[in-house]
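A.B. asks: sharing a model that was predicted from the sequence below.
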Amino acid sequence: MKIKERLKQNSSKLYNVTSENITKAFDYPSVKSKELKEGIKKKIREKAILSTKARLAERNKSFDDYTDEELEIIISDEERKLKDDLKTKSLVAALAILGLDFLI
């Protein structure tokens, strides 16, 4: 009896390990997708902050002249502009690849 019980326990452990690995394999694309989205958001945020610095430098202002809420509004506006610009460029590139240059 002991041998049968050990075999059952070992086979159940093996089954659990296998099912965990399969689950991880199917979760891998979603995890990488989330990482990619976070990386893109981070890059857009960095570029928006640089654009905000340039915008403030043109007006001879600094970050100290604004409250945190005002700066967040300015940065979010810059992020929106960057996203819109990326969308436009992506659409133009897709149309160019398809050969639909008369729509541009």
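C.D. replies: Nice, I can see it.

A.B. asks: what's the following helix or strand after the helix or strand bottoming out on mean pLDDT in the chain?
C.D. replies: The helix or strand of the chain with the poorest confidence is helix 2-58; it has a mean of 78 (mean pLDDT, DSSP states H and E). As assigned by DSSP states H and E, the chain's next helix or strand after helix 2-58 is helix 68-98.

A.B. asks: now that following helix: mean pLDDT?
C.D. replies: Mean pLDDT, computed over helix 68-98, is 89.

A.B. asks: can you tell me the closest non-neighbouring residue to D65?
C.D. replies: Residue nearest to D65 in three dimensions, not counting chain neighbours: L56, with 7.8 Å by Cβ to Cβ, 6 or more residues apart in numbering. Bear in mind the C-beta positions are built from the backbone N, C-alpha and C, glycine included.

A.B. asks: is it true that the one you found touches S62?
C.D. replies: Yes. Using Cβ atoms under 8 Å, L56 is in contact with S62, at 6.4 Å.

A.B. asks: out of those two, which sits in the more crowded spot?
C.D. replies: L56 (16 against 10; other Cβ atoms under 10 Å).

A.B. asks: and for the closest residue in space to I49 that isn't next to it in sequence, the neighbour number?
C.D. replies: In space, and not counting its chain neighbours, I49 is closest to I75: 6.1 Å by Cβ to Cβ, 6+ apart. Counted with other Cβ under 10 Å, residues neighbouring I75 total 16.

A.B. asks: and K37, by the same measure?
C.D. replies: Other residues close to K37 by other Cβ under 10 Å number 10.

A.B. asks: what separation do you get for it and E46?
C.D. replies: Separation of K37 from E46 (Cβ to Cβ, to the nearest Å): 15 Å.

A.B. asks: what about the spatially most central residue of the chain, distance to A93?
C.D. replies: Closest to where the C-alpha atoms of the chain average out (Cα atoms, centre = their mean) is K37, at 1.1 Å. K37 is 20 Å from A93, where distance means Cβ to Cβ.
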